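Q: Here is my input, please return the structure:
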Amino acid sequence: WKERITATGMIFATLPRAVAIVLRDCPGYTGLLLLSKVLEGLLPLVTIWMSKMVIDGVVALSNAKVSAADAFEKLFPLLLLYFVLTVTGEVGTAFGGLSQRTVSDRVLARANRMLMEKVMSLPGLAPFESPHFHDALRNARDGVASRPESVLNVAFILLPVGLTCIGAGGMLWGLHPLAF
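A: Below you'll find the model as predicted:
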């Protein structure tokens, strides 16, 4: 557990620098990714609310003893909106995945470039003769391949989950404040 807590702390400590690199290198894709993650966080809430509206409509229409054609006419706009929201969510998820891969690739390229610039700035060849240096360089190169992506994944996973949880709490509070 101690190692996981330490690793999580390191990820959160490097988060501001990673976000700055991402925003500087690919602001458009980051904006699209952010938008898709906000959509991903809000879509479950809208889906729940739309489901409630459809069920309330079905119950109201069943108590009113209306014909099936009239019931369908009244519920069709809600069902159509539900369908549009579902398709929007799927398209948003696809664009989010594409954006996240592009952002990850660009951040990886930037991190590799920064590592190589640091290595090239070393004085002389003396550091390259040390096995400790080679081990450190290999560890840095291996870390460059996974660390930036893991930092970004944590940041972009927390956003939709946080939005969904806060929104669900707000919805519960709106329905019944004491149920919270």
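Q: helix or strand right after the helix or strand that contains L15?
A: According to DSSP states H and E, L15 maps onto helix 2-25. Moving toward the C-terminus from helix 2-25, the first helix or strand encountered (DSSP H and E) is helix 27-64.
Q: Quick check: buried residues in that following helix?
A: Neighbour counts over helix 27-64 (16 or more other Cβ atoms under 10 Å) mark 29-30, 32-34, 36-37, 39-43, 45-46, 50, 57, 61 as buried. C-beta coordinates here come from the backbone N, C-alpha and C atoms, glycine included.
Q: With stretch 170-180 instead?
A: Buried, per 16+ other Cβ under 10 Å, within stretch 170-180: nothing.
Q: average pLDDT for it?
A: The pLDDT scores in stretch 170-180 average 75.
Q: re earlier: what's the angle from the helix holding L15 to helix 27-64?
A: With axes from the mean of the first three to the mean of the last three Cα atoms, to 10 degrees applied, the angle from helix 2-25 to helix 27-64 works out at 110 degrees.
Q: what packs against helix 2-25?
A: If you count contacts as 3 or more Cβ pairs under 8 Å, 6 or more residues apart in numbering; DSSP states H and E, helix 2-25 packs onto helix 68-120, helix 131-175.
Q: Secondary structure class of G124, three-state.
A: Taking DSSP: H, G, I helix; E, B strand; the rest coil as the rule, one finds G124 in the coil state.
Q: what about P127, distance to A136?
A: To A136, P127 is 9 Å away according to Cβ to Cβ, to the nearest Å.
Q: OK, contacts around the residue nearest the centre of the chain?
A: Residue closest to the average C-alpha location in the chain (Cα atoms, centre = their mean): F156, at 3.3 Å. By Cβ atoms under 8 Å, 6 or more residues apart in numbering, F156 lies in contact with 33, 37, 100.
Q: The first one and D105, how far apart?
A: Looking back up the chat, that one is L33. Counting by Cβ to Cβ - L33 and D105 are separated by 13 Å.
Q: likewise the second one?
A: Computed as Cβ to Cβ, the K37 to D105 distance reads 18 Å.
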